[in-house]
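Q: Would you be able to build a 3D model of this:
(one chain, ligands or ions: 1)
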Amino acid sequence: MPRLIFLGPPGAGKGTQAKTLADLCKIPHISTGDILRTAVAQQTPLGIKAKDYMDRGELVPDSLVIALIQERLGESDAQAGWILDGFPRNVSQAEFLDDLLHQLEQPYDYVVNLEVPEQILISRMLERGRTDDTEDVIRNRLTVYHAQTAPLIEFYENHKKLVPVDGNQPIDSVTHSLKQLV
Ligand code: AMP
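A: Numbering: from 1, shown residues only. Just a heads-up that it's a prediction; the model follows:
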């Protein structure tokens, strides 16, 4: 079963594609954004700490998401494969993940980079209508993406594991390209 990391700007369709592919492969779709949103809704200690960052479109502190992902990847359903969506979001998270997967003896297979032009991202996010999808917050998420997450493209290129996928196609065509990979 594959172990895949999904990269890409906010609004690229990572969540949709990661979920579809994970269901097809019968492996967990691990989305730090989904886990954090659930924590916020349930007002858990994690959710209470994360909420303001999320509302502003900023990254939640590394210590919180790192603890969350370490716990999630240790669960029994995650031992045979998974798709990570939304983690890592910066170079220190990526370095942590490399160390963790090395310890777990669970190397990832590919890092999928979903490529979508910027003007399309904004309109897609506005259509999605999530509470953190107001225009100001969307712009902030894109700024944070360029500053902190986009450097991961080079990080994984250097690891020779990056697979670019054109995310600016109909949903089914993107899924088709991804299926060929696994
Ligand atoms: P997403 O659903 O992936 O767009 O994530 C929604 C929000 O959750 C982001 O804007 C961040 O505030 C937070 N978040 C999700 N994943 C991470 C991560 N790996 N590191 C820091 N913050 C994150």
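
Q: how about the longest helix anywhere in the chain: buried residues?
A: Identified as the longest helix of the chain according to DSSP state H is helix 91-104. Buried residues in helix 91-104, defined by neighbour count with 16 or more other CB atoms under 10 Å: 93, 94, 96, 97. Yep, even glycine has a C-beta here, placed from its N, CA and C like the rest.

Q: distance between that helix and the chain's centre?
A: In terms of CA atoms, centre = their mean, to the nearest Å, the centre of helix 91-104 is found 15 Å from the chain centre.

Q: For the helix or strand following that helix, give the mean pLDDT please.
A: Proceeding N to C from helix 91-104, the next assigned helix or strand is strand 110-115, under DSSP states H and E. Across strand 110-115, pLDDT averages out at 97.

Q: Quick one: find the helix or strand in the chain with the lowest mean pLDDT.
A: The weakest-scoring helix or strand in the chain, judged by mean pLDDT, DSSP states H and E, is helix 118-128 (a mean of 91).

Q: And the contacts of that helix?
A: Contact with helix 118-128 is made by 9-13, 116, 133, 135, 138-139, 141-142, 168, as judged by CB atoms under 8 Å, 6 or more residues apart in numbering.

Q: Try it again at 10 Å.
A: 8-13, 15-16, 116, 132-135, 137-139, 141-142, 145-146, 167-168 (CB atoms under 10 Å, 6 or more residues apart in numbering).

Q: Would you list the buried entries among those?
A: Using 16+ other CB under 10 Å as the burial test, these include 8-13, 15-16, 116, 132-133, 137-138, 141-142, 145, 167 as buried.

Q: For the ligand, what is the nearest residue in this protein?
A: residue 33 (2.0 Å; CB to the nearest ligand atom).

Q: who's in contact with that residue?
A: 10, 14, 15, 54, 60, 65, 85, 86, 87, 89, 130, 132.

Q: What are the buried residues along the helix or strand hosting it?
A: Assigned by DSSP H and E, residue 33 belongs to helix 32-41. Neighbour-count burial for helix 32-41 flags 32, 33, 35, 36, 37, 39, 40 (criterion: 16+ other CB under 10 Å).

Q: just to revisit the earlier point, just the pLDDT for the residue of the chain closest to the ligand.
A: We have a pLDDT of 97 for residue 33.

Q: now do residue 161
A: Looking at residue 161, its pLDDT reads 89.

Q: give the contact list for residue 63.
A: Going by CB under 10 Å, 6+ apart, the list of residues near residue 63 reads residue 49.

Q: Now the host helix or strand of it: average pLDDT?
A: Assigned by DSSP H and E, residue 63 falls within helix 62-73. Average pLDDT, helix 62-73: 98.

Q: Now it - C-alpha only, CSV.
A: Provided in CSV are the C-alpha atoms of helix 62-73 (Å, rounded to 0.1, in the frame of the first residue of the first chain):
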residue,chain,number,x,y,z
ASP,A,62,4.9,23.2,14.8
SER,A,63,4.9,21.7,18.3
LEU,A,64,1.1,21.2,18.1
VAL,A,65,0.9,19.7,14.6
ILE,A,66,4.0,17.6,15.1
ALA,A,67,2.5,16.0,18.3
LEU,A,68,-0.8,15.4,16.4
ILE,A,69,0.9,13.7,13.4
GLN,A,70,3.2,11.6,15.5
GLU,A,71,0.2,10.2,17.4
ARG,A,72,-1.9,9.7,14.2
LEU,A,73,0.9,7.8,12.4
